[in-house]
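Asker: I'd like to go over a predicted model; first the sequence, then the structure.
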Amino acid sequence: MTESTYDIIIVGGGPIGLACAIEAEKKNLKYLIIEKGAIVNSIFNYPLYMTFFSTAERLEIGEIPFNCLAPKPGRQEALEYYRNIHRYFKFNINLFEKVIDVQKEKGVFQIKTDKQNYSSKNVVIATGFYDIPIEMNVLGESLPKVRHYYKEAHEYAFRKVLVVGANNSSVDAALECWRKGAEVTMVIR
């Protein structure tokens, strides 16, 4: 191992990745967060007016209070909170750098990104799941009119919309589109 070997490389700069970095700092470990997009990229990609199902207290990390006016915070409040967390902790984080490969060689992890290579004794994969679409492999799925992510209802107003799934976010998207004048059909397995 060389001096440039990290104790921990954290893949993913979302709330879990940031919480792992806080714990690494408490233990005086040499760490690096590698995030493929913006800080808390998955939350950044949430629908614009999304409200969390969790209360602010359940989204807190690093013993830093998450204050918000409503009982449950929205996307904008969460982005502001996690930016402030970064300002407070000054994380060692590389944004807009995508991890391509992780291999263990002679007891040390070799991490290859689209920008450079790293060595680390440990790797934490904190990539979450939000920005990995569940593809159905059906005819027409790759058409330009098909979306795997919902941002807001405006573009669907006065159109026929098919929402696949019945999780909380699917129901929220269907209701919001319907309220904006869309003719909504839901397909539920």
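Answerer: The structure has been received and is ready for your questions.
Asker: What residues of the longest helix along the chain count as buried?
Answerer: Secondary structure assigned by DSSP state H gives helix 75-89 as the longest helix of the chain. Residues of helix 75-89 classed as buried under the neighbour-count rule (16 or more other C-beta atoms under 10 Å) are Arg75, Glu77, Ala78, Leu79, Tyr81, Tyr82, Ile85, His86, Phe89. Where you see a C-beta, it was placed from the backbone N, CA and C, and this is true even at glycine.
Asker: Quick one: those as CSV, columns for distance to Thr5 too.
Answerer: Supplementary listing: the buried residues of helix 75-89 in CSV, determined by distance: C-beta to C-beta, whole Å:
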residue, distance to Thr5
Arg75, 37
Glu77, 38
Ala78, 34
Leu79, 33
Tyr81, 33
Tyr82, 28
Ile85, 27
His86, 24
Phe89, 22
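Asker: gap between the longest helix of the chain and the chain center?
Answerer: Between the centre of helix 75-89 and the centre of its chain there are 13 Å (C-alpha atoms, centre = their mean, to the nearest Å).
Asker: With stretch 131-148 instead?
Answerer: Relative to its chain's centre, stretch 131-148 lies at 19 Å (C-alpha atoms, centre = their mean).
Asker: now stretch 119-128
Answerer: Chain-centre distance of stretch 119-128: 16 Å, with C-alpha atoms, centre = their mean.
Asker: Which residues does it contact?
Answerer: By C-beta atoms under 8 Å, 6 or more residues apart in numbering, the residues outside stretch 119-128 that reach it are 1-2, 4-12, 14, 16-17, 20, 32, 42, 102, 107-111.
Asker: where along this protein do the helices fall?
Answerer: Listed in chain order, the helices of the chain (DSSP H) span 15-26, 41-44, 56-59, 75-89, 168-179.
Asker: okay if I get those helices as TSV plus mean pLDDT and distance to Ser120?
Answerer: What follows is those, written out as TSV (pLDDT from 0 to 100; distance: least, C-beta to C-beta, whole Å):
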stretch	mean pLDDT	distance to Ser120
helix 15-26	97	11
helix 41-44	91	21
helix 56-59	91	28
helix 75-89	96	20
helix 168-179	91	34
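Asker: can I get those helices in a markdown table with distance to Ala153?
Answerer: Putting these into a markdown table (distance: least, C-beta to C-beta, whole Å) gives the following:
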| stretch | distance to Ala153 |
| --- | --- |
| helix 15-26 | 26 |
| helix 41-44 | 19 |
| helix 56-59 | 25 |
| helix 75-89 | 15 |
| helix 168-179 | 4 |
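Asker: So which of those helices is nearest Glu97?
Answerer: Relative to Glu97, the nearest member of the helices of the chain by C-beta to C-beta is helix 41-44, separated by 11.5 Å.
Asker: Against which helices or strands is the closest one packed?
Answerer: Here helix 41-44 is seen to pack against helix 75-89 when contacts are counted using 3 or more C-beta pairs under 8 Å, 6 or more residues apart in numbering; DSSP states H and E.
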